[in-house]
Structure formats: C-alpha cells, structure tokens
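Novice: sequence? don't have it. structure:
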RNA sequence: GAGGGAUUAGUGUAAUGGUAGCACGAGGGUUUCUGAUACCCUUAGUAAGAGUUCAAAUCUCUUAUCCCUUACCA
C-alpha cells in the first residue's frame, strides 16, 4: 500500500508557493486568493468556457478565496444585454456562484481614463492620428522592426488635449487612438506601441452615450483585475504573448508611485483551452451556424453551447466531471467527444429513472392471451424504476394482448447470436411475460407489420418459470422493451448525430461548413411511450434544473424538450447507451 | 526568415534527478430481467539524437513536429 499523494496541477503549485511566501498577504493566508471569469457579452458560453469557469471558480473555492464574474464589456459594437443574461443563466445552471455583485469593466471606465491621462503625463502614451492602415504598416512584420509614428514625440500637452477631445466625442471613429509609448523594435508585436483607446461613437449597453472612447483589451484587462484585487488572472495560451504588456501597463501606472500608492499587480497565468474532436469552439463558427439557420438557434441540441447541452439533457455535473477530468496543462490537447458522453452516461446511469419507449414500433399480438382469462383484460406489472437504486421504487405497467415492440428487436431470419425475437424464439418482455413467436405478418414490401406470440403465464413479472420435472429451469437470452398498444402515447423524438463529420471541422478546406454532417438530426414522429411520461407521476424524481430526464430502457437517455406541448410531447435523445451488440455487427 | 509555448500508452493526465503510475478507450471474461450497469483480466508509452550524472521523462545542447502572435476584437 502506497499512500495516495494529492496531485497538484501547475497553477495550484504556483498558488501554494505564493501562499507560503506571503506574496499576496500574510504568509499562510489562503483567503486572499482571488480569481475571476471575464466573458465578453457577445455570444453564448460554450463548453470551453466551462473549463475556464471550473478552473478559476474551483481554485477560489479550494483556497477559500473570492471568485468574480466580470463582464468584459469594452466593445459596444458587438455586445448585447441578451448575452449578459444568457451567461449569468449558464453560470447558475453550472452551479457556479460568484462572490458579491456581478462586475462590469464598464464600471471602471472612469478610473481607467484617469490612469491613461497619467501615462500621457509621464510620457508613456501619446495620441496618434495615423490611419489604421498606417498603424498596421508601421507595426512591421514578424522578424522585422516597426517604424515610429510621426506623432510619437508630440508634446504631452497636445496628447492630453486631443485625448480629452476623443473622450468628449469631438473626434470621428478611426481618426485618432491613444497608444502606449513602448518601442517599435520589440520582437513581440504586441509591445510595439499598442493601442490603448480607440474612438467608438456608439452607445454602450450599460453606459449609454457617456463614452466615445473605449479601452482595448490589453490596456483594460489587467486594470480590471487590479481594481478587483484578482491575484491570479487565468487565461488561455494565446495570451502568453500579451503577458509582458499586461505587466507593462501596471508597472507604468506604478512608475513614480510610492509603495502605498501603487496599484495591485495580479499575476497572469495561461493554460491550454479545451478542444473536442468533431466540434469547433470558435464563437464565429457558432454564430455563422445560427445566423445562416444551419441549426435551430444558439441552444440547438447539436451545438456545444452550454445552453444547447442543457437543452439536450446533459447534466451540469457531467460537464463538470468532464472538464475536471481534462486537467490543467499547457498542452494543446484534443479531447475525444466520447469522453464527454461517458461522463454524461456515468451521471445519468446513477440518477435517471427508467422508462420504456418504442421508437420504431411493430405490433406484437399474444394469441393465447384469451386462453388464460378475459381476452380484453390488462394485468398490471411492477416496472422497476432503477435496477440499482430501490429507493426509486416501481411504477405500474399495464400488460395486455396487444403491445408494441421495437422493429430492431425482431428478425425474420435471425443469426444465432441474435438474442431477441424471431420465429420460434422466446424472449422476456421487460417486467412482463415471456413470449415465444410462432408467426408474423408482412406488408407488400416485406416489411414486418405484426408479430404473433404465445405467452407463458408462469413467467409473470418477467420471472423465470418453475423448474421442470428434472429440476431444470428454462432460460431466455434476451429481454426486450415494450409498451401497451392501447395506452401508449404518440410522441416526437429527436435523435442527434454529430454536427460535423470531420474530427477538426474546416481543417481540410478552410470552411467548416464543408464538414457539416447532413444527417445530424432525425425526427421520429410516431414513437410510442408509457403514459406516465406524459401524465407525470407524483413520485417522479425532480431534477434541480427542472428538466425531466429518463433512461428509455435499452435505447438511451432522453429528456423532455422545451418544445413539448400537452398535445405533443417532444423528447431529445441525450445519448445512446453503450451497445456492444451494434459494435460487433 | 522573428518571437513565444508545447511534446509521456490510442486519448487525456501523473511522476519536479532515484520502482514510469492513473483514468478513459480497445480486447477478453464474470454477473445480470437493459447486448446497459457493476466487477475482473489484458493491452500499450517518455518525439529523435547527443551530453552531464552512480542514476535522466525530469538538467544541457541539437534536430523534428505541433500550436500561438502580424485587429482601432477579446
């Protein structure tokens, strides 16, 4: 027996060391640790965000520190209130609670402006009247130095005046920017006199027409973190090249300040973002799918937004299990989509109540039903709601002469390894009776329409029949699901396949639409389900998010879709069950 | 043509100079009123090369491959 050592990922190791050294407060004080999730409200959250959320939130909770939700709303052109609301909803659904009020970068615009003026006065920033094209040109290319702007050495007072005019709305879009004065020869292009402010004469969803200049990400982000006392500002790998700038801006503000006046300097740490096979995390791609109606909105169950996972029936717990399982590294990993499904199945298998539904029904008629009682009778069986969790109890299942079974569960000429129904084959009807097929009927196309069976009255409830005179008990290999033909309710069931056929959509041709799977949605309109799926029973377990989830036995996990009406229920297949039979054949 | 980051079983992730481990997958088996679940077994790895060292996944160098950066987006 070796003692299990808790594995600490690289960010935890950094924080552990910080706490020991007292970098952020008294040594040993864990509660100073502050993290944040800083979405831009310009789209829906996707599963990649769930990883970022759980890392930052999980760290804050682990250390007993603070976690902020902050909207990085620095670009009024692309941002909308709709997204603020959807993001808050998604976080709540995930079970992520932020500390204090929701923060907005726009609340700090005044403070940022003052600091920008301070930088101008220190000679560390200047107003540039070059065109965007000229600025791009002067920035230079990789491997070659850039050139100075002709406005670079203008007097401080001139920049102060012009910056005030920019702020006052006296300058047209694109005519002026405020740039940091760092140097045009850095090998890091981000450091070549980056733009701090641009003129945007457009209303902001929160500040209205108060501002006519808006801060750029690199200038704003570290300041937002600083104001909020964030200690560890976690972001994805592509910001590694921005870290020198993140640090430069805070150092520039602190230049010439005493220790008492210095602003807080958080530490930016980068980790790899989540990638999943057969998907693409690009917000741009998702937006295109929605806007071109390739999918049915941001919450289409085939998408990978959190809203779509929710609608499809995924549990927030399974998403958390998945992203935690991915780990925290700097390696650009590609996760298998099956891993996410696996996490989902693990969770739903434990919690989802079982029901029976037939997606592609054929009629099964018990020809000897009248020989053991009234032919029109129904017999009520106890349907086991969960094979491993008896506290979920049973539900009544009404067995009768005419049932529906799954088309896939009958073969006219079945191979030996087929454990289901066929001529002269006997199977157990789940929680019902054993039936043996003696005949069937087909239509003109040879399609089976009806299957005729006899049942064994000694197998009620699905139990084994008594032993014969030699002490042997008859066995069946297969158990199949069924619904009562008289009571079954017609519902719509939506079956989803992957949205893309390629492991990396768009990789080959450059256009992700080329890899779209044309058969990603199958709608079954005449599925038959147990009545209790429509007439909900009082003891049906409640899910915290209000979504009704079930396992349809032998078929998979399903949930009630929001399109459901009293007249027509709609179910989404969240995931299939693992199927080693289908894999073999 | 530059800079930054990365590379450990099929996939993901540990081991921080001292026994290369875990999970998922895959293959096989047991149990089973879901061809599910559960349980058991098997499988397979340090990108390549050189160096330092008693000892290297770990330190150094070279090479290869992949990702990021050339927005008045974030």
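Specialist: Happy to help now that I have it. Given the structure is predicted, the values throughout are model-derived calculations rather than measurements.

Novice: Show the pLDDT at residue A:4.
Specialist: Listed pLDDT for residue A:4 reads 54.

Novice: likewise the one 5 residues further on?
Specialist: According to the predicted model, the pLDDT of residue A:9 comes to 97.

Novice: Repeat that for the one 3 residues further on.
Specialist: You'll see residue A:12 listed with a pLDDT of 97.

Novice: which element is it on?
Specialist: Using DSSP states H and E, residue A:12 sits in helix A:10-21.

Novice: Contacts for that helix, please.
Specialist: The contact list for helix A:10-21, computed with CB atoms under 8 Å, 6 or more residues apart in numbering, reads A:8, A:24, A:27-30, A:33, A:55, A:59, A:62-63, A:231-232, A:234, A:267, A:269, A:271, A:328-330. C-beta: built from backbone N, CA, C; applies to glycine.

Novice: Would you mind listing which of those residues are buried?
Specialist: Buried by 16 or more other CB atoms under 10 Å: A:24, A:33, A:55, A:59, A:63, A:231-232, A:234, A:267, A:269, A:271, A:328, out of these.

Novice: so what's the one residue in chain A that gets nearest to RNA strand B up against?
Specialist: Among the residues of chain A, residue A:462 lies nearest to RNA strand B; the distance is 2.2 Å by CB to the nearest atom of the strand. Going by CB under 8 Å, 6+ apart, residue A:462 touches A:381, A:428-434, A:479.

Novice: Around RNA strand B, which positions in the stretch 451-585 of chain A sit nearby?
Specialist: Within the stretch 451-585 of chain A, the positions near RNA strand B by CB under 7 Å from any atom of the strand are A:461-463, A:478-480, A:551, A:553-554, A:577-581, A:583.

Novice: And for the stretch 1-150 of chain A?
Specialist: So far as CB under 7 Å from any atom of the strand goes, the stretch 1-150 of chain A lies against RNA strand B at A:2, A:7-10, A:13, A:38, A:40, A:72, A:74-75, A:78, A:130-132, A:135-136, A:139, A:141-143.

Novice: quick one, what contacts the closest residue to residue A:382 other than its chain neighbours?
Specialist: Nearest residue to residue A:382, sequence neighbours excluded (CB to CB, 6 or more residues apart in numbering): residue A:394, at 4.0 Å. Residue A:394 is in contact with A:382-385, counting by CB under 8 Å, 6+ apart.

Novice: Which secondary structure element of chain A has the lowest mean pLDDT?
Specialist: helix A:580-584 (a mean of 86; mean pLDDT, DSSP states H and E).

Novice: The helix or strand harbouring residue A:268 vs helix A:10-21, what angle?
Specialist: For residue A:268, the host element (DSSP H and E) is strand A:267-271. With axes from the mean of the first three to the mean of the last three CA atoms, to 10 degrees defining the directions, strand A:267-271 sits at 160 degrees from helix A:10-21.

Novice: what's the next secondary structure element after strand A:267-271?
Specialist: In N-to-C order, the element after strand A:267-271 by DSSP H and E is helix A:283-291.

Novice: Quick check on the nearest residue to residue A:214 once chain neighbours are set aside: phi, psi?
Specialist: Spatial nearest neighbour of residue A:214, excluding adjacent residues (CB to CB, 6+ apart): residue A:200 at 4.9 Å. Backbone torsions for residue A:200, taken as degrees, to the nearest 10, come to phi -130, psi 100.
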